[in-house]
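> Could you work out the structure for the sequence below:
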Amino acid sequence: MRKKSFLCIGLDSELDKLPESVLNAEDPVFEFNRQLIDATHDLVIAYKPNTAFYEIAGAQGWRSLERTVNYIKRNYPDILVIADAKRGDIGNTSAMYARAFFETLGADAVTVAPYMGEDSVKPFLSYPEKWAIVLALTSNKGSEDFQQHYDSFQHQYYFERVLHESKEWGTEENLMYVVGANQAIKLIDIRKIVPDHFLLIPGVGAQGGSLTDVATYGMNNKCGLIVNSSRAIIFADSSKKFASVAREKAKEVREEMEFLLGQYF
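Prediction:
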C-alpha cells in the first residue's frame with residue numbers, strides 16, 4: 001500500500017541476452033541485476049530470480065544468485081526475495097532444499113511443487129517469516145494434463161484438490177499459491193477456496209496475461225496479489241540504457257496497479 005504496487009520483477013537473467021555494456025564486468029549477471037534493482041526498487045514489492053538461469057552456469061551462476069540476493073537484502077531489506085526453484089521431494093530431501101534456500105541463500109520465499117504431498121511441502125513451512133509458494137494452476141499448456149483434470153467422483157479439478165488439501169498444511173502467514181495470469185477467470189473459484197492467501201501471479205507482460213483481469217477476479221481485502229513480470233521489463237532494451245528503460249516499463253505497470261488499487265481501497 002505504501003508503494004501503491006504489487007509488482008514483482010522476475011530476474012530471469014539469461015547470459016545470452018545480457019546487454020554488451022555489462023559483459024566486461026567481473027560478474028555480468030550480477031551487474032545486470034544490480035543495475036535493474038537500483039533502477040526499480042521503489043516500484044516493486046518483490047524480486048523473483050528463477051534459479052534455472054543461474055544453475056545453468058554452475059558454481060559461478062550460484063555465486064551470481066547469492067550476490068543478487070545479498071545485494072537486495074543489504075540495500076532494500078523491505079523487498080521480498082522469491083527463489084523460483086519449484087522444489088519438492090521426500091521429506092528429508094525437502095528439508096535440505098528448505099535449508100539451502102532459506103538459510104544458505106537467504107531467500108524469503110521459494111516456489112514448491114506439491115505433487116509428492118504434504119511431507120514434501122511441510123519442511124518449507126517450518127521457518128518463521130518465510131513462505132512456501134505452492135504451484136496451484138500454472139500458465140503452460142501442460143497444466144491441462146493434470147492440474148485441470150476433472151475428477152467426476154469428487155466433483156473438482158485437481159488444482160482445486162491441491163488447494164483444499166494444502167491449505168491445511170500451513171497458514172495465510174506462510175503459504176502462498178502460484179496461479180498463471182492467463183488463468184485469471186479461474187481466480188473466481190480459487191478465491192472461494194483460499195480467500196485470504198496471497199497469490200503469486202506470473203505471466204503478465206510477455207506472456208500476455210491481463211493485469212486488469214487478475215485484479216478483478218483475484219484481489220482480496222489485503223490486495224492478496226504479487227504479480228510478476230520478467231522479460232517484458234528486464235529485456236525491454238539492450239543498450240546501455242537498459243536499466244532506465246526497464247524502470248519506465250516497470251513504472252507503467254506500477255501506475256496501472258496504483259489505479260487498480262484505487263478502485264478497491
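> which regions of the protein lie under the pLDDT threshold?
By pLDDT under 70, the low-scoring segments of the chain are 205-208.
> And the strands in it?
Using DSSP state E, the strands of the chain run over 7-10, 46-48, 80-87, 109-112, 131-137, 150-151, 156-157, 175-179, 199-201, 225-229.
> would you turn these into CSV with distance to K17 and mean neighbour count?
Placement of C-beta: from N, CA and C, glycine included. Listed next are those as CSV, based on distance: least, C-beta to C-beta, whole Å; neighbours: other C-beta atoms under 10 Å:
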stretch, distance to K17, mean neighbour count
strand 7-10, 13, 26
strand 46-48, 17, 24
strand 80-87, 17, 22
strand 109-112, 22, 26
strand 131-137, 25, 25
strand 150-151, 39, 10
strand 156-157, 36, 17
strand 175-179, 24, 24
strand 199-201, 23, 26
strand 225-229, 16, 26
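> can you tell me which of these comes nearest to I56?
Shortest distance between I56 and the strands of the chain, using C-beta to C-beta, is found for strand 80-87: 13.3 Å.
> Go ahead and produce PDB holding the CA coordinates of that closest one.
Provided in PDB are the C-alpha atoms of strand 80-87 (Å, rounded to 0.1, in the frame of the first residue of the first chain):
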ATOM      1  CA  LEU A  80      10.600  -9.800  -0.700                       C
ATOM      2  CA  VAL A  81      13.000 -12.200  -2.400                       C
ATOM      3  CA  ILE A  82      11.400 -15.200  -4.100                       C
ATOM      4  CA  ALA A  83      13.500 -18.100  -5.200                       C
ATOM      5  CA  ASP A  84      11.600 -19.500  -8.100                       C
ATOM      6  CA  ALA A  85      13.000 -23.100  -7.800                       C
ATOM      7  CA  LYS A  86       9.900 -25.300  -7.900                       C
ATOM      8  CA  ARG A  87      11.400 -27.800  -5.500                       C
END
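> check contacts around the nearest residue to V44 once chain neighbours are set aside.
Of all residues not flanking V44 in the chain, L7 sits nearest, at 4.8 Å (C-beta to C-beta, 6 or more residues apart in numbering). Contacts of L7 were listed using C-beta atoms under 8 Å, 6 or more residues apart in numbering, and they are 43-46, 227, 229, 250, 253-254, 257.
> Would you quantify the distance from L7 to Q156?
32 Å (C-beta to C-beta, to the nearest Å).
> try L211
28 Å.
> try K122
As judged by C-beta to C-beta, K122 and Q156 stand 23 Å apart.
> In the protein, where's the longest helix?
In the chain, assigned by DSSP state H, the helix with the most residues is helix 242-264.
> buried sites along it?
242-243, 245-247, 249-251, 253-254, 256-257, 260-261 (16 or more other C-beta atoms under 10 Å).
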